[in-house]
Each structure stands twice: as C-alpha cells, then as structure tokens.
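Asker: quick check, what structure comes out for this input:
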Amino acid sequence: MSTIRDVAKRAGVSTATVSHVINGTRAVSGQTRLLVVQAMKDLNFVPSALGRGLRTNSLKTIGFVAADLTNSFFAHVFRGVESRARESNYTVIVSHSDEDVGHESEAIQNLIAKGVDGILLAPVRSGPDDAEFYTEFSVPIVSYDRRLSAVNIPSVVTNSQDAVGEAINFFKARGHERFALIAGKQGLSTTLERGQGFEQAANPHRHWVFYGDSRYEGGVHAARWLSEQPVRPSVVLVGNNLMAMGLVVTLQEHYPEILSSTVLITIDEEPWTSFVRPPLSVIVQPTHEIGVTAADLLLQRIHHAEVPLLTTLPCRFVARSDPVTVSHPLPDYESGPAS
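Answerer: Numbers count the residues shown, from 1 in each chain. Next comes the predicted model:
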C-alpha cells in the first residue's frame, strides 16, 4: 500500500507539500499540485479520512437521523441532503430513531462517537422540556420536517398547515360538509400544526380526528374505524403517505364501497397515489429542497456562521378526484407554492 512518502518521492516534493495538497492547509502552485495529484493516481494512493480528520479536527461527515426509514419521505429528504453534502466534500452517515426517544438518543450518541461534524435530525421529542435535550450535545444540530422552536436549534419545515386548510376549503366550496383527519403521532409539531389547519378549515361542519401514529398500521386501523361510523365523512385527509397506503390497501381489500365514495387527500406525493382509482389528491411537500436547505444550514453552523432559527418552505395542493359530487366535474386544480 502506497504512503504519503511514496507520493512525495514520485512527485519530487516534500511530504509536507503532499499534505497541503490533500488537506488544503496551504496554497500550492498549480504545477506542483498537478504533479502531486498525478503521483497519487499513479500509485493508487487514497488519503486516509481518519488521518486527515485528526489533523484538521474534522472528518467532513454529517449524521442524518430519519424518524422512520420505512417512510419514503425520509429517503427523498436524504437525496437532497446527500447532494448538498457531496458538493462540499462531506459524507453522510444515516441512522434511524424509529420514532422512539431511546433509539434517538442512541443514534445521536453513536454518530458523535463516530466523529461527525454535525447532525440533521427529525426530532422525536417535541415538548419544551424535552427540547432542551438537543442542546446538550457537542456538535451542531439542525432539525428538519419537525419544528424545535423552544430551543436555539434551527428548523426547516413546510407550511403544511396552510396547505391542509386550502385542501379542506377547496372541497368545502364543492359542497362537502363532513370531514375526517387521520392524524400522525401525537405530540409532533407536524401533527399539531396540521390538526390546527384541519380544525380551522373544517369548522363549523361535522368533523372527526383519528390518530394513526404515523404508521402503516395506523392507516389499517383508520379504515376499520371508517367502516364502523354510522355517518361517514365524505372527505378524509391523511397525515402522511404511510398511513395513506395502509388506509387505501385496507379499503381496497375489505371496504371498496368506501374507497369509491370518499375523497381521499394525502400529504406527500408518491407515484401510487395517482394510480389508485379514484386517484388521491395530494399536498406536495418539497422534500428534496428540505434536504438541501437543512444540509446547507448545518454546514454553515459547522463553520460557525449565523443561520435563521426557522425556515419555512412552500407546499402545493393538487386536487385529482371528487367521486362524491360527480355531477359537478372536478376542474384541473393545482395551487402554486404557498409561502
């Protein structure tokens, strides 16, 4: 295995010059840099990330903690994170909390032990007292998707509360008067804000809230709950794509009459939502942009720059189907990004 001394000898320079080229710690002339780079290629020399990290006090890695890796939302966000990190020559290490505070603590501690420079986190804790937990760690943290307004930690969120209100109001204008929300995990800022948007828009009409815990199984339970209602909602808004999938699959298999006679709206666009019959209306979140923005804020914090505590990105609402008021054809409708 080639060493830094071998590279220096082949390029005809000192080992210090090779180190400066690798770490960017001092300016090196263009011709000398080319000689060093070519020598590294000839010798198949790969600089040690660990050794470089010990010298520069940075391994140029960031941690990404997903709340639920079975939810494709986090995969889409990760793509944005990874693209921004790659531009800055950072590597991303992925971990998973499984919506559990104990697993989250372990994930954060393991990432810090691996020497990450900062962490991107969809926080499981949400209360004012719990939020202080995130200030105790030795590396910068930026939260995404979920708000951490109680502490001095930047958050990147979307305006899904406004988009939920827009979706409900759209179908209210078409004559609907019975609405249900299949809400996510209780206590999360996203669940609270979307619930507020739903309540404000659904009033004064009859409306229901069922908590599905943000899981696929929650959608299954919600389908059974719907089937048991003597008077059913004509519009059902689902708080995330996992619950929506569980709901739709169960309705297809056991209660097709409910699926064919109910307006379904879900948060987050997935290809399958347009294949279902009738297709689901969707509130589209800018998942890639969430990742890019959160990564950019974290990289700025790693370099000790001031960043805003709250960044809110726009959603858009896409209405696709209204099987209830079929006598009034549903116009093509897609809202522009709402700020």
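Asker: find the residue closest to P233 in space, skipping its chain neighbours.
Answerer: A180 (3.8 Å; C-beta to C-beta, 6 or more residues apart in numbering). Quick note: C-beta positions are derived from backbone N, CA and C, even for glycine.
Asker: wait, the one you found touches G212, no?
Answerer: No. Counting by C-beta atoms under 8 Å, A180 does not reach G212; the two are 11.1 Å apart.
Asker: looking at those two, which is more packed in?
Answerer: G212 (27 against 24; other C-beta atoms under 10 Å).
Asker: and for the residue lying closest to the more buried one once chain neighbours are set aside, the neighbour number?
Answerer: Nearest non-adjacent residue to G212, counting by C-beta to C-beta, 6+ apart: G218, 2.6 Å away. For G218, the neighbour count with other C-beta under 10 Å is 24.
Asker: sorry, back to before: quick one: secondary structure of the residue nearest to P233?
Answerer: strand (DSSP: H, G, I helix; E, B strand; the rest coil).
Asker: make 75 the starting number, not 1.
Answerer: New numbering, starting at 75: the last item is A254.
Asker: tell me the spacing between it and E291.
Answerer: From A254 across to E291, the span is 18 Å (C-beta to C-beta, to the nearest Å).
Asker: now swap in Q183 and tell me
Answerer: 29 Å.
Asker: go on, S229?
Answerer: For S229 relative to E291 (C-beta to C-beta), the value is 28 Å.
Asker: quick one, what contacts G269?
Answerer: Residues in contact with G269, defined by C-beta atoms under 8 Å, 6 or more residues apart in numbering, are L255, A257, V283.
Asker: now the helix or strand that contains it: buried residues?
Answerer: According to DSSP states H and E, G269 maps onto helix 263-276. By neighbour count on 16 or more other C-beta atoms under 10 Å, the buried set for helix 263-276 is S263, T264, T265, L266, E267, R268, G269, G271, F272, E273, A275, A276.
Asker: now do the strands in the stretch 275-413 of the chain.
Answerer: In the stretch 275-413 of the chain, the strands defined using DSSP state E, counting those that start in this stretch lie at 280-285, 309-312, 337-341, 355-358, 384-387, 390-393, 407-408.
Asker: ok, which of those strands comes nearest P197?
Answerer: strand 384-387 (14.0 Å; C-beta to C-beta).
Asker: CA atoms only for the closest one, dumped as PDB, please.
Answerer: Listed next in PDB are the C-alpha coordinates belonging to strand 384-387 (Å, rounded to 0.1, in the frame of the first residue of the first chain):
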ATOM      1  CA  LEU A 384     -36.900  28.800  11.400                       C
ATOM      2  CA  THR A 385     -37.000  28.300   7.600                       C
ATOM      3  CA  THR A 386     -40.400  27.500   6.100                       C
ATOM      4  CA  LEU A 387     -40.700  26.100   2.600                       C
END
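Asker: packing partners for that strand?
Answerer: strand 229-232, helix 361-376 (3 or more C-beta pairs under 8 Å, 6 or more residues apart in numbering; DSSP states H and E).
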